[in-house]
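S.K.: From the sequence below, what's the structure:
(2 chains)
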Amino acid sequence: MIGSAVIVFRETLEAALLIGIIAAATRGLIGRNFWLGIGIGAGLVGSLIVAGLTEKIGELAEGTGQEIFNATILGIAVLMLGWHNIWMSTHGREMAAQAKSVGHAVKTGQREMSALAILIALAVLREGSETALFLYSLAAGDGTSQVSLISGGLLGLAGGIGVGWALYAGLARIPLRHFFTVTSALILFLAAGLAGQMARFLVQGDVISPLASPLWDSSSFLPMTSVLGNLLHLLAGYEARPTGMQALFYGLTFIVILLGMRWSRTPSPQAI
Amino acid sequence: MKNLAFAFLLIPAISFGADLEMAISIKDHQFNPAELKVPAGKKIKLIVSNLDSTPEEFESHQLNREKVIAGNAKATIYVGPLSPGKYTFWGEFHEKTARGVIVAE
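M.R.: Predicted coordinates:
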């Protein structure tokens, strides 16, 4: 039971942290819960479909279809997170200042939320399909009773959701004037980390070259298996043995989003 | 000019052909062989055949790899070029039994 709980927890955690951050960053947007629900629901349905198609997807592109598939999902997620951050740097302040209910902000806010629902659906789909395969593999295998399997799975799921919720609750306590800075910074690191993962899949599928491999090795200093290493991996894309290409994707994504945020920032009245 | 363009088109084909192919299988949630010797400094095309009916996830922090393999299916994982050393990997869905190591020398 503990075995299945641990793995389900690990798989749930990445999506739960992302949802926690997005939920906090869109606090006050009208219809937020509706769109979050749509995203999670669509992701769960999608994860069952993807799990069922694993073999078909894997056979594509001479056995590297899974890498292309994952890299595509991650690429879309990076674009949406980046766009969200750039959108927030124009609208975040105005929303905070005007009690969030100005007509214009509501309209663009809906478009923003529907795009984030897609992002959440993709995150749930990616982690959910692996969880579904794992549980299926245990259920079809030896010894493990259905009861212990299901209770372990639920325990892990509850743990993952709990951590995501704790992050959300913690972020929600941050005073408003620092709030957008903190959530934007979190999303910036998250997006760069996902871009790094995207590069890893493309290297694994031999689509692009690894450049230096590894660029550095900090696995004895901060291993990926440690709690801190794992958390930093999920939140900020930490890798103990990254390839040069991963670092390049990470750095470029970070810089491009940061520049986008600076350029689109609404100038203060004095600056005009 | 035409010939030159044609020559460039051939470059990827040549480098693909140079990949060293190695095979490993999963049966009863165990890797076979559990220790795989590979030459250091070369890119390896690792073909993992899952002979079990249940899916498995090939995972290695040292190799920086992660891939789900469906039951009764084959998957291709590109590894390296590796510097000499030992690189452990495991099957995440059956961590107790599915363990292996790649030795680059």
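
S.K.: residue contacts, the residue in the stretch 1-150 of chain A positioned nearest to chain B?
M.R.: Across the stretch 1-150 of chain A, no residue is closer to chain B than A:Gly63, which sits at 3.3 Å (Cβ to the nearest Cβ). C-beta: built from backbone N, CA, C; applies to glycine. By Cβ atoms under 8 Å, 6 or more residues apart in numbering or on different chains, the contact set of A:Gly63 is B:47, B:74-76.

S.K.: which among those residues gets closest to chain A?
M.R.: Proximity of the contacts of A:Gly63 to chain A was ranked by Cβ to the nearest Cβ; the top entry is B:Thr76 with 3.3 Å.

S.K.: Mind listing the residues bridging to that closest one?
M.R.: When bridges are called by DSSP bridges, B:Thr76 pairs up with B:Ile47.

S.K.: Let me see the ranges of the helices in chain B.
M.R.: Ranges of helices in chain B, per DSSP state H, are B:2-17.

S.K.: Spell out which parts of it neighbour chain A.
M.R.: When proximity is defined as Cβ under 8 Å from any Cβ of the partner chain, chain B approaches chain A at B:19, B:29, B:43, B:45, B:47, B:53-57, B:61-62, B:64-71, B:73-78, B:80-81, B:92-95.

S.K.: Now the buried members of those residues.
M.R.: Neighbour-count burial (16 or more other Cβ atoms under 10 Å in any protein chain shown) applied to the residues of chain B next to chain A gives B:29, B:43, B:45, B:54-57, B:61-62, B:64-71, B:73-78, B:80, B:92-94.

S.K.: nearest to A:Met88, of the contacts of A:Gly63?
M.R.: B:Ala75 (39.4 Å; Cβ to Cβ).

S.K.: now the closest one: how far from B:Arg65?
M.R.: Using Cβ to Cβ, to the nearest Å, one obtains 11 Å as the distance from B:Ala75 to B:Arg65.

S.K.: swap in A:Arg200?
M.R.: A:Arg200 sits 8 Å away from B:Arg65 when distances are taken as Cβ to Cβ.

S.K.: what do you get for A:Leu171?
M.R.: Summarising the geometry, the distance separating A:Leu171 from B:Arg65, computed by Cβ to Cβ, is 33 Å.

S.K.: and what of A:Ser148?
M.R.: Look at A:Ser148 and B:Arg65: by Cβ to Cβ, they are 30 Å apart.

S.K.: Ok, A:Gly153 next?
M.R.: Counting by Cβ to Cβ - A:Gly153 and B:Arg65 are separated by 25 Å.

S.K.: same thing with A:Asn230?
M.R.: From A:Asn230 across to B:Arg65, the span is 17 Å (Cβ to Cβ).

S.K.: For the stretch 1-150 of chain A, give me the ranges with low pLDDT.
M.R.: Low-confidence regions of the stretch 1-150 of chain A, defined here as pLDDT under 70, cover residues A:92-107, A:141-144.
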